[in-house]
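> give me a 3D structure for the following:
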Amino acid sequence: MKRRAGEREKELKKKKLLEELGENRLPYMTPADADFHQLWKTKYSKLIFRKSDTVPEELHQMVQEGFLTLRKHDCFFQDLVRIKGKDFVTPVSRILIGNPGCTYKYLNTRLFTVPWPIEGYDIKYCSPQIHDACKALIRLNDYLHIEAVKALQGQNLFETKESKDTTVIDREQNFATSLMEKGSVSKDQSSCCVPEDDYVSLKNRTSYNVTLLNYMDPLQMLYLKQEPYFGMGNMAVSWHHDENLVERSTVAVYSYSCEGSAMEESNEQKLRGRDPAVWHVGLKVAWDIETPGLAMPLHQGDFYLMLDDLNMTHQHCVLAGFSPRFSSTHRVADSSRGTLEYIFGQCELALQNLQTDSDSMALSLKSLETAVVKQVEEIHNETSLVLSEVGKEEQIEKQRNETISCFLLVLTERQKLRKEWTARCRSEAAESLPEDQRPECHPFWTDDECSMPLPYDLEEVIANLQNLVQWVE
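Residues are numbered from 1 along each chain as shown. This is a model prediction of the structure:
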């Protein structure tokens, strides 16, 4: 419900903004504009940009070879996402790589990591080349973690217990040797002269656990949306805030456009604004028509950081150039709910309300307290024992009605989610995907499968419960 309310609110804001604009377009700046750096400094200061020559050449080579290897092995897939209640296939192809068991959710679609090689896990890859590609990405991850820590320190975006004047690690330090020799970053590398509490804060906001890799060849796209507010041209990714992140965590993006396969600069007559042949990241203050936008060109091997709350206060988009492009977008994904470990823990918690009769071996519930039922049903959206208990005549009427009312809420939500997922699996967008990439409506069962505690379609169950309710005056 909160997600849908949030979507409605965003749509209303967008509609109002476009109405205020009418046929006009908001101004935006590129590095070619005289006031670009002043705008960047005053309105977009938490965007940190680094050109490719600041990154060790060995790391460039490893990562870029990794991109090409993953594409050669057909590891990139278009995602089926839901926007404003409709299903779409993304123009960008993606793969999520990161810590084993982590997931990342965006636009009502959850992606699961292909794990990168880390200590303590025996990960089997289908080929040595894919192992090397994932290893290259964790090396990039370590490098970007260090850069993010330094950037936060450099802008004093945290306070030490002793002083706000934090020692800034020398940006010119050469990390190539340590990156090639180590697969992870030690505390000493990332927290020079930082007290323990602040080290933990820095670590939580910069320890990337996933990277969402993107690939798109604009010349293969039949249609790309036009940027609607500033007239910035073709968009590969529309305006958005990144989702499912730890609050105020840094996002790091490494860009690799295959500029040898297309002209790097447009030969067309130079127009005001960005060069349409070059990829850019666009930024704007969220729902603001006063502040000019920013369009930052992205060349092969450049990277940028979005620090602190920039992802919350601003929106960003990706503006397509002419050449194919890869990007590696490193994130601190909120893994408090989206991991296999969490799911197992919740299942164990739900089972704590289950007991077995020592003689008959029949299953029953320990408690029908409203809070307990609600917790169990939200965890495990599938059990028939509550229905059996609330149907017993010896149940106290008030308690039974409270239990049924609570149970109805979660059953109704479950029915809605099942219908939505079934419709997504059968949508035109899903059918357009290659067969091995289509979503499956699973689990799914028919009414004659007696082993299932409840039918897949819960309409009749919900109707029976509604008839059972006897409201107490």
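> can you pull out the strands in the stretch 301-450 of the chain?
303-306, 314-319, 325-331, 354-356, 363-365 (DSSP state E, counting those that start in this stretch).
> an error on my part: the question was meant for the stretch 151-300 of the chain.
Going by DSSP E, counting those that start in this stretch, the stretch 151-300 of the chain shows strands at 210-216, 235-240, 251-257, 280-285, 293-297.
> one step back: nearest to Ala277, out of the strands of the stretch 301-450 of the chain?
strand 314-319 (11.0 Å; C-beta to C-beta). Quick note: C-beta positions are derived from backbone N, CA and C, even for glycine.
> for the strands of the stretch 151-300 of the chain, please prepare CSV with the additional fields mean neighbour count, mean pLDDT and distance to Thr422.
Shown next, in CSV, are these (neighbours: other C-beta atoms under 10 Å; pLDDT from 0 to 100; distance: least, C-beta to C-beta, whole Å):
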stretch, mean neighbour count, mean pLDDT, distance to Thr422
strand 210-216, 24, 98, 27
strand 235-240, 18, 95, 27
strand 251-257, 24, 97, 34
strand 280-285, 22, 97, 37
strand 293-297, 24, 97, 40
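> need the ones you listed in TSV (columns: distance to Leu307).
Output for these, formatted as TSV (distance: least, C-beta to C-beta, whole Å):
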stretch	distance to Leu307
strand 210-216	18
strand 235-240	18
strand 251-257	9
strand 280-285	13
strand 293-297	15
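> so which of these is nearest Leu417?
Leu417 lies closest, by C-beta to C-beta, to one member of the strands of the stretch 151-300 of the chain: strand 235-240, at 23.5 Å.
> scan the chain for its longest strand.
The longest strand of the chain (DSSP state E) is strand 86-98.
> my read: Ser45 touches Asn156, true?
No. Between Ser45 and Asn156 there is no contact under C-beta atoms under 8 Å: 11.6 Å.
> what sits against the closest residue to Met306 other than its chain neighbours?
Spatial nearest neighbour of Met306, excluding adjacent residues (C-beta to C-beta, 6 or more residues apart in numbering): Val251 at 4.4 Å. Residues counted as contacts of Val251 (C-beta atoms under 8 Å, 6 or more residues apart in numbering) are 242, 245, 305-306, 311, 329-331.
> of the residues you listed, closest to Lys16?
Nearest member of the contacts of Val251 to Lys16, counting by C-beta to C-beta, is Asn311, at 22.3 Å.
> what's the separation between the closest one and Val246?
Counting by C-beta to C-beta, to the nearest Å, the gap from Asn311 to Val246 is 11 Å.
> of those two, which one has the most company?
Just comparing Asn311 and Val246: by other C-beta atoms under 10 Å the higher neighbour count belongs to Asn311, 23 against 17.
> how near is the more buried one to His241?
6 Å.
> repeat that for Thr54.
27 Å.
> burial measure for the closest residue to Leu468 other than its chain neighbours, as a count.
Using C-beta to C-beta, 6+ apart and skipping residues adjacent in sequence, the residue nearest Leu468 is Ile404, 5.8 Å away. Counted with other C-beta under 10 Å, the neighbours of Ile404 add up to 22.
> surely Ile404 and Val469 touch.
Yes. Counting by C-beta under 8 Å, Val469 is a contact partner of Ile404 at 5.3 Å.
> mind naming the longest helix for this structure?
Ranked by residue count, the top helix of the chain under DSSP state H comes out as helix 397-425.
> now the angle between strand 86-98 and that helix, please.
Angle of helix 397-425 versus strand 86-98, following axes from the mean of the first three to the mean of the last three C-alpha atoms, to 10 degrees, is 90 degrees.
> give the rounded mean pLDDT of helix 397-425.
For helix 397-425, mean pLDDT rounds to 83.
> how close does Thr422 sit to Gln155?
48 Å.
> what about the stretch 301-450 of the chain, any weak spots by pLDDT?
In the predicted model, the stretch 301-450 of the chain carries pLDDT under 70 at residues 340, 350-351, 353-354, 360-361, 363, 365-366, 368-396.
> what about 50?
381-382 (pLDDT under 50).
> confirm Glu119 sits in a strand?
No. Counting by DSSP: H, G, I helix; E, B strand; the rest coil, one finds Glu119 to be coil, located in no strand.
> okay, now it: neighbour count?
6.
> cool, Lys84 as well?
Lys84 has 10 nearby residues by other C-beta under 10 Å.
> and what of Leu222?
Neighbours around Leu222, by other C-beta under 10 Å: 5.
> the one 4 residues further on now?
Counted with other C-beta under 10 Å, the neighbours of Gln226 add up to 10.
> and if you look at Arg110?
11.
> Cys425 too?
Neighbours of Cys425 (other C-beta under 10 Å): 17.
> show me the contacts for it.
Neighbouring residues of Cys425 by C-beta under 8 Å, 6+ apart: 438-441.
> do you know how far it is from Phe112?
Cys425 is 17 Å from Phe112, by C-beta to C-beta.
> ok so, going back, of the contacts of Cys425, buried ones?
Among those, those classed as buried by neighbour count (16 or more other C-beta atoms under 10 Å) are Pro439.
> just the ones in helices from the contacts of Cys425, please.
Per DSSP H, the contacts of Cys425 never map to helices.
> how far away is the residue lying farthest from the centre of the chain from Gln352?
Most distant residue from the mean C-alpha position of the chain: Asp359, 49.6 Å away (C-alpha atoms, centre = their mean). From Asp359 across to Gln352, the span is 22 Å (C-beta to C-beta).
> likewise for Leu152?
Taking C-beta to C-beta, one finds Leu152 at 41 Å from Gln352.
> tell me which of these two has more neighbours.
Shown here are Leu152 and Gln352; by other C-beta under 10 Å, Leu152 has more neighbours (24 against 12).
> what segments of the chain are helices?
Using DSSP H, helices in the chain cover 2-21, 36-43, 57-72, 128-154, 176-181, 187-190, 196-206, 310-313, 340-351, 370-379, 385-390, 397-425, 428-431, 459-468.
> for Leu107, find the nearest of those.
helix 2-21 (10.1 Å).
> measure the nearest residue to Arg438 once chain neighbours are set aside to Ser451 for me?
Distance criterion C-beta to C-beta, 6+ apart; nearest residue to Arg438, sequence neighbours excluded, is Ala430 at 5.4 Å. Relative to Ser451, Ala430 is positioned 28 Å away (C-beta to C-beta).
> what's the answer for Val89, then?
Val89 sits 36 Å away from Ser451, taking C-beta to C-beta as the criterion.
> the two: which is more packed in?
More crowded of Val89 and Ser451, by other C-beta under 10 Å: Val89, with 17 against 5.
> ok, now which ones touch the more buried one?
Val89 neighbours (C-beta under 8 Å, 6+ apart): 78-81, 429, 432-433.
> neighbours around Asp74, how many?
Asp74 has 10 nearby residues by other C-beta under 10 Å.
> no wait, Asp33
Count around Asp33 with other C-beta under 10 Å applied: 17.
> follow-up on the earlier one: can I get the contacts of Cys425 in TSV including distance to Pro228?
Output for those, formatted as TSV (distance: C-beta to C-beta, whole Å):
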residue	distance to Pro228
Arg438	31
Pro439	30
Glu440	35
Cys441	35
